[in-house]
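fold the following for me, if possible:
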Amino acid sequence: MSSSSLHRERRFWGLAPNVFFLGIASLLMDMSGEMIQNLLPLFLANVLGVKGSIIGLVEGVAESTGILLRTISGWVSDRTGNRKLPTTLGYALAGVARPFLVIAQSWSAVLAIRFTDRLGKATRSAPRDALLADSVAQSERGRAFGFHRAMDTAGAMAGLLMAAGVVYLVQGSAELLQEGTFRVIAGVALVPALLAALVVAVAVHEPRRHATGQPARVPDHLSPANTYHMGNRSYARFLSVVALFSLGNVSIAFYILRAQALGLTVIQVLLLLAAMNALYAGVSYYAGKVSDRISRRTVMAAGWALAGVVSLGFGLARDDWQVLGLLVLYGAFLGLTEGTSRALVADLVPSARRGSAYGLYYVAAGLPVLPAGLIAGFLWQEVNHAAPFLVGAATSLLSTALLLTLVPPPVESPTRSASGKR
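So this is what the prediction gives:
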């Protein structure tokens with residue numbers, strides 16, 4: 001889409017319509033997801049009596065689900081020029097899967113439901129990010145992705161507060177999660193998930209045209225396999241460093257278990273996660289705006305370095321008060337990196353290949369999650385509760401150094417350069 005047509009669109013809060021409504025959809029979907037996701041480790045441990053290694057398996061399988069599908073869905077959206085359909089289908093699939101948690105009675109059932117839920121995310125993620133990137137000029141890209149992550153995280157915060165309210169009403173200040181409490185929360189979470197799919201289906205539209213006047217379609221001879229380099233080595237190096245970071249990054253499930261092991265109650269954990277997400281939401285939008293003016297790589301490196309510090313702190317913590325500030329700071333790390341990394345992908349590859357590029361980005365970020373979960377689970381169970389975080393800290397700091405060393409900043413377009421001078 002040309003810059004002139006972008007600016008003629010009706011704006012919502014100064015944002016392109018697709019950016020605004022995809023943000024609303026993410027707010028609703030994450031409201032649903034966070035009501036459930038952060039209680040799942042406690043449900044597995046407190047209610048079903050599952051060991052740490054199995055929790056690591058469930059989280060690893062769930063988060064690495066649909067790796068190939070992410071590549072295919074992004075590539076198909078390049079070939080067809082249709083990014084909305086797979087985005088809508090992905091939201092709908094997640095909404096259909098989550099109600100089954102109300103009746104799940106085993107860790108294998110939880111795994112199957114989480115697998116299906118993440119399959120929906122795999123279907124929508126790459127086309128949705130490509131749609132976002134196509135809907136704005138490069139000079140607004142960081143702001144657009146920052147807004148999307150901020151809305152996503154505001155939904156997470158709202159979901160956590162709603163879950164905390166249900167926990168208080170159903171079981172009070174009991175330290176362990178009770179089965180009935182989790183069932184009620186899983187039922188309530190269905191409503192915003194279905195509303196998210198409805199918003200995308202009704203309010204989000206394909207960008208009309210690109211600067212060439214033609215829909216963005218990848219040439220017929222290209223495939224997910226041979227789009228790896230995307231015409232430059234910087235993108236391949238970027239993917240490699242992202243994969244290394246993901247391999248060492250500790251799942252939020254273990255941060256939650258660590259907080260509970262140090263004496264925090266279920267309600268305290270939920271409120272702490274809500275505070276974390278509040279910081280995440282606030283940082284995301286402004287980090288995106290800053291990345292429109294300076295190197296996105298620099299903003300990402302700052303976030304990864306902060307992740308290393310937080311992980312190190314969790315590894316060394318001995319009392320519950322020590323994890324309070326650390327877990328909140330984890331939100332700052334997410335705010336600095338999640339939207340910025342997606343904007344950087346769009347900077348590194350041309351519009352016609354962005355669906356495939358985002359698919360490959362999610363492969364690099366998601367494929368290492370399964371071995372990472374298994375390694376963290378093993379270290380948690382067989383070594384000690386600090387071990388996963390110490391390994392994660394070392395990997396985060398190494399990844400930060402490699403990002404700054406191996407991945408040069410992308411060449412700025414005239415549009416972005418001009419915007420940076422204003």
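
quick check: Pro207 is in a helix.
No: using DSSP: H, G, I helix; E, B strand; the rest coil, the secondary structure at Pro207 is coil, not a helix.

now do Ala386 against Arg124, distance only.
36 Å (Cβ to Cβ, to the nearest Å). Any C-beta I mention is one placed from the backbone N, CA and C, and that applies to glycine too.

is the spatially most central residue of the chain in a helix, a strand, or coil?
The structure's the chain has its C-alpha centroid closest to Glu338; by Cα atoms, centre = their mean the separation is 6.5 Å. Following three-state DSSP, Glu338 is assigned to helix.

show me the contacts for the nearest residue to it once chain neighbours are set aside.
Spatial nearest neighbour of Glu338, chain neighbours left out: Arg149 (4.9 Å); criterion: Cβ to Cβ, 6 or more residues apart in numbering. Residues in contact with Arg149 (Cβ atoms under 8 Å, 6 or more residues apart in numbering) are Tyr280, Ala281, Ser284, Tyr285, Gly288, Leu334, Gly335, Glu338, Gly339.

now Arg149: which helix or strand?
Using DSSP states H and E, Arg149 sits in helix 141-171.

report the separation between the residue nearest to the centre of the chain and Asp78.
The value you get for Glu338 to Asp78, if Cβ to Cβ is used, is 23 Å.

ditto for Leu324
From Leu324 to Asp78 the distance is 45 Å (Cβ to Cβ).

so for those two, which residue has more residues nearby?
Remark: of Leu324 and Asp78, Asp78 carries more neighbours, 28 against 16, as counted by other Cβ atoms under 10 Å.

is the more buried one in a helix, a strand, or coil?
Taking three-state DSSP, the label given to Asp78 is helix.

before we move on, back to that, when Ala386 and Arg124 are compared, which one has more neighbours?
Arg124 (28 against 17).

could you find the closest non-adjacent residue to that one?
Per Cβ to Cβ, 6+ apart, closest to Arg124 is Gly90, 2.5 Å.

next one: Tyr361
According to Cβ to Cβ, 6+ apart, the nearest residue to Tyr361 is Val345 (5.1 Å).

what pLDDT, on average, does the helix or strand harbouring Ser234 get?
Following DSSP H and E, one finds Ser234 within helix 233-248. For helix 233-248, mean pLDDT rounds to 90.

what's around Phe389, how many residues?
25.

A strand includes it, no?
No: using three-state DSSP, the assignment for Phe389 is helix, not a strand.

give the contact list for it.
Going by Cβ under 8 Å, 6+ apart, the list of residues near Phe389 reads Val250, Phe254, Arg258, Ser311, Leu312, Phe314, Gly315.

how far off centre is stretch 325-338?
13 Å (Cα atoms, centre = their mean, to the nearest Å).

let me redo that: stretch 11-19
Counting by Cα atoms, centre = their mean, stretch 11-19 is centred 21 Å from the centre of its parent chain.

got it, and stretch 379-390?
Relative to where its chain is centred, stretch 379-390 has its mean C-alpha point 24 Å off (Cα atoms, centre = their mean).

may I have it exported as PDB, CA atoms only?
Extracted in PDB, the C-alpha atoms of stretch 379-390 (Å, rounded to 0.1, in the frame of the first residue of the first chain):
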ATOM      1  CA  LEU A 379      17.300 -29.100  35.600                       C
ATOM      2  CA  TRP A 380      14.400 -28.200  37.900                       C
ATOM      3  CA  GLN A 381      13.700 -31.800  38.900                       C
ATOM      4  CA  GLU A 382      17.200 -33.300  38.900                       C
ATOM      5  CA  VAL A 383      19.500 -30.500  39.900                       C
ATOM      6  CA  ASN A 384      17.700 -27.700  41.700                       C
ATOM      7  CA  HIS A 385      15.100 -25.000  41.200                       C
ATOM      8  CA  ALA A 386      17.800 -22.300  40.400                       C
ATOM      9  CA  ALA A 387      19.600 -24.200  37.600                       C
ATOM     10  CA  PRO A 388      17.200 -23.400  34.700                       C
ATOM     11  CA  PHE A 389      17.400 -19.700  35.400                       C
ATOM     12  CA  LEU A 390      21.200 -19.700  35.700                       C
END
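
in that stretch, what counts as buried?
Leu379, Trp380, Gln381, His385, Ala386, Ala387, Pro388, Phe389, Leu390 (16 or more other Cβ atoms under 10 Å).

could you pull out the helices for the stretch 201-350 of the chain?
Taking DSSP state H, counting those that start in this stretch to define them, one finds helices in the stretch 201-350 of the chain at 233-248, 252-261, 266-291, 296-316, 320-348.
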